[in-house]
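> Test case, fold it:
(one chain, ligands or ions: 1)
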Amino acid sequence: MRLLLLWLAAFTLTAPALAETTQEIVNKAPNGLAQTPPMGWNSWNRFACSVNEKIIRDTADAMIASGMRDAGYQYVVIDDCWHGPRDANGFITADPQKFPSGIKALADYVHARGLKFGIYSDAGRFTCGGRPGSQGHEYQDALSYARWGVDYLKYDWCNTGDRNAQEAYALMADALHQTGRPIVFSMCEWGTAKPWLWAKNVGNLWRTTGDIWDSFSAKDKAHDWAHPMLENVDSNEPLWPHAGPGHWNDPDMLEVGNGGMTIAEYRSHFSLWAMMAAPLIAGNDIARMDAATRSILLNKEVIAVDQDALGVQGRRVSQAGGQEVWVKPLSGGAKAVLLFNRGDQPATILASADEVWRKKAKVRDLWAHRDLRWSGSLKAIVEPHGVAMFTVTPL
Ligand code: GLA
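Alright, predicted model coming up:
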């Protein structure tokens, strides 16, 4: 009965909501979610359109067996290609071959394991994978998601024609809000309309770049829309003033464990995402990951930097050749410091007291997992494409 009322309300509310100006919708209170960057897993980077309900169930189980849930990974998100057609009343259905048990049963399975459940749609008529999009069905789709128990929506930007991004995302944010269910809203319009300037109260995270490509720095000619990891770093880094609790810059999902980078490069990828307070959405086959991948995704000391309650995005404070020093302020006056070597040779990288801290401090090496003495600066020989990462806590 409650759902029926919600459903009627959704339709009655459509007209007045549309009459509101975009600015009025945008100025509504934020939903209060994602006070730290969202953590979880998404099917796209590893499975693309070959996703199905068994993969999602196996992943949910593996999140527990591997310790990922206990390390903070929470959302299990199905990306594109779960959709079937719309039914006679316009409601979206699941692909009957790939998801024969339906989305509600899958959400229940995920919830029963103490995890949260996410799904994907698109602001255009069709998704990037050619499935039905939500344009013209925003309130109806939001209602379906709420009925199924969806906790997270990734909302893409393919096939949107001349739609205005601010209007389209505000409309779906309002539709989610009207359901009364707390749903994290992940905006995926690739930074085209500069969402960091206007989306603080619309989405909880917004993509700042095109799709990540599983490579350190090499571009793949066959995938010219996609960017090697470092390109996304360089696009996302300058946007640090716009991130904060409830609204994060998103340089795309993790590729750790997918095979296109070395262990050192994946460690850098993960460390840079943590320094940038980026969402940590794993994108590998976690039911079959090796020990090296596990040791990266489950590095709780690096995760703690990403999840620090202060919610300030770190940034590059110095750069010389391929050697960089990054600093991220943490709660309690501490700082995370990253020494990053982009070069092809080992390099000695130094963070000076001016860049880090002048007084007495406790230093922790987050990859070697040991305490060090603070000697007024931080110095390490860093392997090619690798990092050394520390926290410096004033005594
Ligand atoms: C876009 C998004 C990706 C993924 C695919 C799905 O490219 O940026 O993250 O969701 O669509 O088709």
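> what does the stretch 101-250 of the chain have sitting close to the ligand?
Counting by Cβ under 6 Å from any ligand atom, the positions of the stretch 101-250 of the chain adjacent to the ligand are 127-129, 156, 188, 211. Backbone N, C-alpha and C define where each C-beta goes, glycine included.
> now, among those, which is nearest to the ligand?
C128 (3.3 Å; Cβ to the nearest ligand atom).
> Run a quick neighbour tally on the closest one.
Other residues lying near C128 total 21 when counted by other Cβ atoms under 10 Å.
> And it, how close does it get to A193?
Note on C128: its distance to A193, by Cβ to Cβ, to the nearest Å, is 17 Å.
> What of G130?
23 Å.
> More neighbours: which of those two?
Neighbour totals were compared for G130 and A193, and A193 leads with 17 against 13 (other Cβ under 10 Å).
> check contacts around the more buried one.
When contacts are counted by Cβ atoms under 8 Å, 6 or more residues apart in numbering, A193 touches 164-166.
> give me that answer again for 7 Å
Contact analysis of A193 by Cβ atoms under 7 Å, 6 or more residues apart in numbering lists 165-166.
> ok, for Q35, nearest residue in space, not its chain neighbours?
In space, and not counting its chain neighbours, Q35 is closest to P245: 4.5 Å by Cβ to Cβ, 6 or more residues apart in numbering.
> Confirm for me that the one you found is in contact with L310.
No. P245 lies out of contact with L310 (Cβ atoms under 7 Å); the separation is 8.6 Å.
> These two: which has the busier surroundings?
Using other Cβ under 10 Å, the more surrounded residue of P245 and L310 is P245, with 18 against 15.
> and the gap between the closest residue to P384 other than its chain neighbours and the ligand?
In space, and not counting its chain neighbours, P384 is closest to D344: 5.0 Å by Cβ to Cβ, 6+ apart. Counting by Cβ to the nearest ligand atom, to the nearest Å, the gap from D344 to the ligand is 30 Å.
> Need the phi and psi values for D344.
Note on D344: backbone dihedrals following degrees, to the nearest 10 are phi -90, psi 0.
> Next one, pLDDT for it please.
Here the pLDDT value assigned to D344 is 97.
> for the stretch 1-150 of the chain, what spans make up the helices?
Taking DSSP state H, counting those that start in this stretch as the test, the helices found in the stretch 1-150 of the chain are 2-19, 22-26, 44-47, 53-65, 68-71, 103-112, 138-148.
> what is the rounded mean pLDDT of the fourth one?
The one in question is helix 53-65. Per-residue scores along helix 53-65 average to 98.
> Could you list every helix and strand in contact with that helix?
Packing partners of helix 53-65 (3 or more Cβ pairs under 7 Å, 6 or more residues apart in numbering; DSSP states H and E): strand 75-77, helix 103-112.
> among those, which is nearest D141?
Across the helices and strands packed on helix 53-65, D141 has its closest neighbour in helix 103-112 (11.7 Å, Cβ to Cβ).
> name the helices or strands packed onto that closest one?
helix 53-65, strand 116-122, helix 138-148.
> Can you add mean neighbour count and give the ones you listed back as a markdown table?
Formatted as a markdown table, those follow (neighbours: other Cβ atoms under 10 Å):
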| stretch | mean neighbour count |
| --- | --- |
| helix 53-65 | 18 |
| strand 116-122 | 25 |
| helix 138-148 | 22 |
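> For the residue of the chain most remote from its centre, give me the pLDDT.
Distance from the C-alpha centroid of the chain, by Cα atoms, centre = their mean, peaks at S375 (36.1 Å). Per-residue pLDDT puts S375 at 83.
> A353 too?
Note for A353: predicted pLDDT of 80.
> With P37 instead?
Here, the pLDDT recorded for P37 equals 98.
> just checking, it touches D306?
Yes. Using Cβ under 7 Å, P37 is in contact with D306, at 5.8 Å.
> what touches both of those two?
Shared contacts of P37 and D306, defined by Cβ under 7 Å, 6+ apart, are found at 277, 280.
> Which one's more surrounded, the two?
P37 (26 against 23).
> so what's that one up against?
P37 makes contacts with 248, 277-280, 306-307, as judged by Cβ under 7 Å, 6+ apart.
> Would you list the buried entries among those residues?
Applying 16 or more other Cβ atoms under 10 Å to the contacts of P37, the neighbour count classes 248, 277-280, 306-307 as buried.
> Contacts only, for the closest residue to G84 other than its chain neighbours.
The shortest distance from G84 to any non-neighbouring residue, by Cβ to Cβ, 6+ apart, is to T93 (4.1 Å). Contacts for T93 (Cβ under 7 Å, 6+ apart) come out as 84-85, 87.
> looking at those residues, which has the most residues close by?
That'd be G84 among the contacts of T93, by other Cβ under 10 Å, with 15 neighbours.
> That one: what's it in contact with?
Each residue near G84 by Cβ under 7 Å, 6+ apart is listed here: 93-96.
> Tabulate those residues (TSV), appending pLDDT.
Putting those into TSV (pLDDT from 0 to 100) gives the following:
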residue	pLDDT
T93	98
A94	98
D95	98
P96	98
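> What about the residues you listed, which one has the most neighbours?
Highest neighbour count within those: A94, with 21 neighbours (other Cβ under 10 Å).
> From what I see, that one and I78 are in contact.
No. Using Cβ under 7 Å, A94 and I78 do not qualify as a contacting pair, with a distance of 9.4 Å.
> If I look at the nearest residue to W213 once chain neighbours are set aside, what pLDDT would I see?
Spatial nearest neighbour of W213, chain neighbours left out: A226 (3.8 Å); criterion: Cβ to Cβ, 6+ apart. Here, the pLDDT recorded for A226 equals 91.
> Can you report phi and psi for A226?
Torsion angles, degrees, to the nearest 10, at A226: phi -100, psi 150.
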